[in-house]
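Enquirer: sequence and predicted model, in that order:
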Amino acid sequence: MADARGLISAVCYRDPKAALAWLERAFDFELAMLIEDAEGDLAHSEMRHGEALIMIGNEWSEDHRSPASIGGKTTQTVHINIDVDVDAHCARARGAGAEILAEPADQFYGARTYRCRDPEGHIWTVAQTTRQVSREEAEQASGLKITGWV
């Protein structure tokens, strides 16, 4: 495993090699590690997005499946923070075949976000911080009580 700290998501795909290419094309991820067996099948892979790392793998048990294999259901989404134009990022993802579930929109907490589904059904949220907002401002704008604002 590449040197990484913190939480690392591992996402299962029916066709992980196609997913590696798609994630590079759609989200500008970079391959950090690829381990293949003697037949050229993927044994393990990791991709980087800035300092973040994600593992992309095969379906390897009944409990580790792509949404494409379980009727499109998913129990987690992956969130990407970017520092470039989120609208252009959305256009890039759309051009790579992402289904846009929520168009880019400004959020009360100071980010502009969009949400999309990849070709196998994983849901991704992409956010760009557009302005600094205090907890009080976020509470005022949202009508929510917020605890733990950093």
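Expert: Now that the structure is in, tell me what you want to look at.
Enquirer: what's the distance between the residue of the chain positioned farthest from its centre and A21?
Expert: In the chain, the greatest distance from the average C-alpha position (Cα atoms, centre = their mean) is reached by A38, at 29.9 Å. A38 is 22 Å from A21, where distance means Cβ to Cβ, to the nearest Å. In this view, the C-beta of every residue, glycine as well, is placed from N, C-alpha and C.
Enquirer: low pLDDT regions in the protein?
Expert: 1-5 (pLDDT under 70).
Enquirer: domain ranges for the protein?
Expert: Following automatic domain parsing, the chain resolves into domains at 1-60, 76-150.
Enquirer: and of those, who's closest to A68?
Expert: domain 76-150 (4.2 Å; Cβ to Cβ).
Enquirer: now that closest one, how far from the centre of its chain.
Expert: 11 Å (Cα atoms, centre = their mean, to the nearest Å).
Enquirer: with stretch 53-66 instead?
Expert: Counting by Cα atoms, centre = their mean, stretch 53-66 comes out at 15 Å from the chain centroid.
Enquirer: list the buried residues in that stretch.
Expert: 53-59, 65-66 (16 or more other Cβ atoms under 10 Å).
Enquirer: cool, stretch 43-51 as well?
Expert: So, applying 16+ other Cβ under 10 Å, buried residues of stretch 43-51: 45-47, 49.
Enquirer: which helix in the chain runs the most residues?
Expert: As assigned by DSSP state H, the longest helix anywhere in the chain is helix 16-27.
Enquirer: return the distance of stretch 39-58 from the chain's centre.
Expert: On Cα atoms, centre = their mean, the centre of stretch 39-58 falls 13 Å from that of its chain.
Enquirer: how about the contacts made by the residue nearest to D106 when sequence neighbours are not counted?
Expert: Of all residues not flanking D106 in the chain, R112 sits nearest, at 5.3 Å (Cβ to Cβ, 6 or more residues apart in numbering). For R112, the contact set (Cβ atoms under 8 Å, 6 or more residues apart in numbering) comprises 86-87, 104-106, 127-128, 130.
Enquirer: ok, 10 Å please
Expert: R112 sits next to 82, 85-87, 89-90, 104-106, 126-131 when contact means Cβ atoms under 10 Å, 6 or more residues apart in numbering.
Enquirer: cool, thanks, talk later.
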